[in-house]
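> let me see the structure of the following:
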Amino acid sequence: MVTKPALEARLLEAIRAADDVAKRTLRMILTAWKLAEVELGGPLDEAGALGLLQKEAKGRRETIADAERAGRQALVQAAQAELAFLETYLPRQLSERELDELVLRAIREVGASGPDQMGLVMKALVPTVQGRADGKTVSQAVRNLLKPS
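I've put the predicted structure just below:
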């Protein structure tokens, strides 16, 4: 689990090493962390910390997509570097094959037979894939595998 003191210690290392990408990214993470703690009224738990890191990563992915559309290559490269740094703190993402296997297992567990039971499958599946797959990707995989043959 990533902790706030660990991130703060890593920030000090990045400052000493003059690692601009790490400094910039860690400062953004710690600012978001402090804001989340204020909104929550207490410290973040493991799920909250993971959610925060995923939100930051998603923001970088959106920045990359927007910057590519705008033709701003320098911004694309900066966001890609930040995303790569952020991903070192996130759990390994599931491959498409691994995700499909988990979806099929969840479909069998709940006995789903069609797209109208997607909610049941998602409810059973989300705790299993939490943090290891994007929600949009998971729902698309469930939709594809629940299509009537």
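> how about the contacts made by the residue nearest to the spatial centre of the chain?
Of all residues in the chain, the one closest to the mean position by Cα atoms, centre = their mean is residue 54, 2.9 Å from it. Contacts for residue 54 (Cβ atoms under 8 Å, 6 or more residues apart in numbering) come out as 90, 131. In this view, the C-beta of every residue, glycine as well, is placed from N, C-alpha and C.
> which positions within the strand or helix carrying it qualify as buried?
Per DSSP states H and E, residue 54 falls inside helix 46-70. By neighbour count on 16 or more other Cβ atoms under 10 Å, the buried set for helix 46-70 is 49-50, 52-54, 56-57, 59-60, 63-64, 67.
> below-threshold pLDDT in this structure: ranges please.
By pLDDT under 70, the low-scoring segments of the chain are 148-149.
> 90 instead, please
1-2, 45-48, 50-51, 54, 58, 90-96, 104, 107-149 (pLDDT under 90).
> for stretch 49-57, list the C-alpha coordinates in CSV.
Only the C-alpha atoms of stretch 49-57 are listed here, as CSV (Å, rounded to 0.1, in the frame of the first residue of the first chain):
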residue,chain,number,x,y,z
ALA,A,49,-5.4,6.0,-1.7
LEU,A,50,-5.7,3.6,-4.6
GLY,A,51,-8.7,5.5,-6.0
LEU,A,52,-6.8,8.7,-5.8
LEU,A,53,-3.8,7.3,-7.7
GLN,A,54,-6.2,5.9,-10.3
LYS,A,55,-7.9,9.2,-10.7
GLU,A,56,-4.6,11.0,-11.2
ALA,A,57,-3.6,8.4,-13.8
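> quick one, phi/psi of residue 3?
Dihedral angles of residue 3 (phi, psi; degrees, to the nearest 10) stand at phi -120, psi 160.
> contacting residues for it?
residue 49.
> and it, how far from residue 9?
For residue 3, the distance to residue 9 equals 9 Å [Cβ to Cβ, to the nearest Å].
> again, but for residue 2
Residue 2 is 11 Å from residue 9, by Cβ to Cβ.
> which of those two has more neighbours?
residue 2 (17 against 12; other Cβ atoms under 10 Å).
> and that one, how close does it get to residue 145?
Distance, residue 2 to residue 145, using Cβ to Cβ: 32 Å.
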